[in-house]
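>>> Have a look; sequence and predicted model below, questions after that.
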Amino acid sequence: MKKLVSLSLAGALCLTLAACGVSPSPAASESGGEPVELHVYAAASLKETMTQIAENYKDAAPNVTITCTFDSSGTLQDQIEAGGECDLFLSAAQKQMNALSDEGYIDEDTRVDLLENKVALAVPEGNPAGVTSFDDVATDKVSLIALGNSDVPVGQYSEELFTAMGVWDDIQGKITFGSNVKEVTTWVSENTVDCGVIYSTDAYSAGLEVAALADPALLTNQVIYPAAVLKESAHADEAKAFLEYLKSDESKEVFQSVGFAIPE
């Protein structure tokens with residue numbers, strides 16, 4: 001059964017919903033063409049990197065304002081399906097992008113596997129519980145572990161991993177579920193849980209210790225982040241240009257600085 005999370009913990013969700021709006025200066029707008037606002041829906045684990053890249057993009061396209069919405073990929077998928085204004089979608093898993101593709105929301109010619117991440121077991125500062133491996137989750141070392149819920153890619157990877165290990169049913173009483181990876185990261189940072197399953201990039205950005213990385217052999221798929229322009233984008237050309245910028249060497253440097261890899 002899912003454990004109830006205190007109101008103080010739930011408040012941490014607000015951190016992942018912040019926008020990364022980057023507005024051009026009046027002078028820049030005058031020299032860069034008609035002002036355009038691009039709405040980018042991005043997985044919560046991309047918050048730090050996408051905020052930096054949106055800032056950098058002012059030099060490449062001074063007339064374009066990048067407004068980012070960060071949340072779990074499942075929540076963003078729901079918002080797109082409900083008619084949310086989105087020009088470009090960056091998912092933390094193929095599942096959500098595939099669903100939108102099947103429903104006809106995606107411009108298939110623009111879809112690209114942009115990034116690769118790793119599933120990590122993160123622990124609070126000092127590692128009070130002495131957790132050193134995923135195997136420890138099923139032992140008395142761990143009394144409370146934070147995982148993403150079932151519509152969050154990192155939660156789906158977590159369930160798949162612990163199921164493959166044969167301990168998923170055994171650890172149900174220890175789990176507190178977060179609505180996205182940043183919420184899980186916050187609980188680990190605040191020492192509210194003994195450990196949490198997040199991405200290695202989130203651990204890096206939060207300054208958390210990684211006790212272990214998931215064995216890729218226990219996961220059906222690599223942790224790939226696909227990106228695509230929406231068919232109904234009001235600014236498709238600008239969205240495509242920004243997607244190209246995300247593939248540039250300058251953007252790759254930002255992504256790789258926190259531990260993302262570039263798929264071959």
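Happy to help now that I have it. Numbering: from 1, shown residues only.

>>> Quick one: classify the closest residue to Gln222 other than its chain neighbours as helix, strand or coil.
Nearest residue to Gln222 in three dimensions, chain neighbours excluded: Glu116, at 6.0 Å (CB to CB, 6 or more residues apart in numbering). For glycine as for every other residue, the C-beta is placed from the backbone atoms N, C-alpha and C. On the three-state scheme (DSSP: H, G, I helix; E, B strand; the rest coil), Glu116 is labelled strand.

>>> how about the helices in the stretch 151-264 of the chain?
Applying DSSP state H, counting those that start in this stretch to the stretch 151-264 of the chain gives helices spanning 153-165, 181-189, 200-206, 236-246, 249-257.

>>> tell me what the fourth one is packed against?
When contacts are defined as 3 or more CB pairs under 8 Å, 6 or more residues apart in numbering; DSSP states H and E, helix 236-246 sits against strand 36-43, helix 47-60, strand 64-71, strand 88-90, strand 223-229.

>>> Name the stretch among these that sits most buried.
With neighbours defined as mean count of other CB atoms under 10 Å, the helices and strands packed on helix 236-246 peak in mean count at strand 88-90, which reaches a mean of 26.

>>> Buried ones in the very next helix or strand once past that one, by neighbour count?
Sequence order places helix 94-102 as the next helix or strand after strand 88-90, per DSSP states H and E. By neighbour count on 16 or more other CB atoms under 10 Å, the buried set for helix 94-102 is Gln94, Lys95, Gln96, Met97, Ala99, Leu100, Ser101.

>>> Export those residues to TSV and append columns for distance to Ala212.
TSV is the format used below for those (distance: CB to CB, whole Å):
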residue	distance to Ala212
Gln94	24
Lys95	24
Gln96	26
Met97	28
Ala99	31
Leu100	33
Ser101	33
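
>>> Quick one: residues in contact with stretch 101-116.
80-81, 89-90, 97, 100, 222-233, 236, 239-240, 243, 246-247, 255, 260-263 (CB atoms under 8 Å, 6 or more residues apart in numbering).

>>> Asn191 is in contact with Glu125, correct?
Yes. Taking contacts as CB atoms under 8 Å, Glu125 lies within contact range of Asn191: 7.1 Å.

>>> looking at the helices and strands packed on helix 236-246, which is closest to Ala206?
helix 47-60 (9.3 Å; CB to CB).

>>> count of residues packed around the residue nearest to Gln222?
16 (other CB atoms under 10 Å).

>>> just Trp168 next, same as before
A count of neighbours around Trp168, defined by other CB under 10 Å, yields 16.

>>> Could you list which residues are in contact with it?
Counted by CB under 8 Å, 6+ apart, Trp168 has contacts Glu159, Phe162.

>>> what would the buried residues of helix 94-102 look like in JSON lines with distance to Gly207 and pLDDT?
Putting the buried residues of helix 94-102 into JSON lines (distance: CB to CB, whole Å; pLDDT from 0 to 100) gives the following:
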{"residue": "Gln94", "distance to Gly207": "29", "pLDDT": "96"}
{"residue": "Lys95", "distance to Gly207": "29", "pLDDT": "95"}
{"residue": "Gln96", "distance to Gly207": "28", "pLDDT": "97"}
{"residue": "Met97", "distance to Gly207": "30", "pLDDT": "98"}
{"residue": "Ala99", "distance to Gly207": "34", "pLDDT": "98"}
{"residue": "Leu100", "distance to Gly207": "34", "pLDDT": "98"}
{"residue": "Ser101", "distance to Gly207": "36", "pLDDT": "98"}
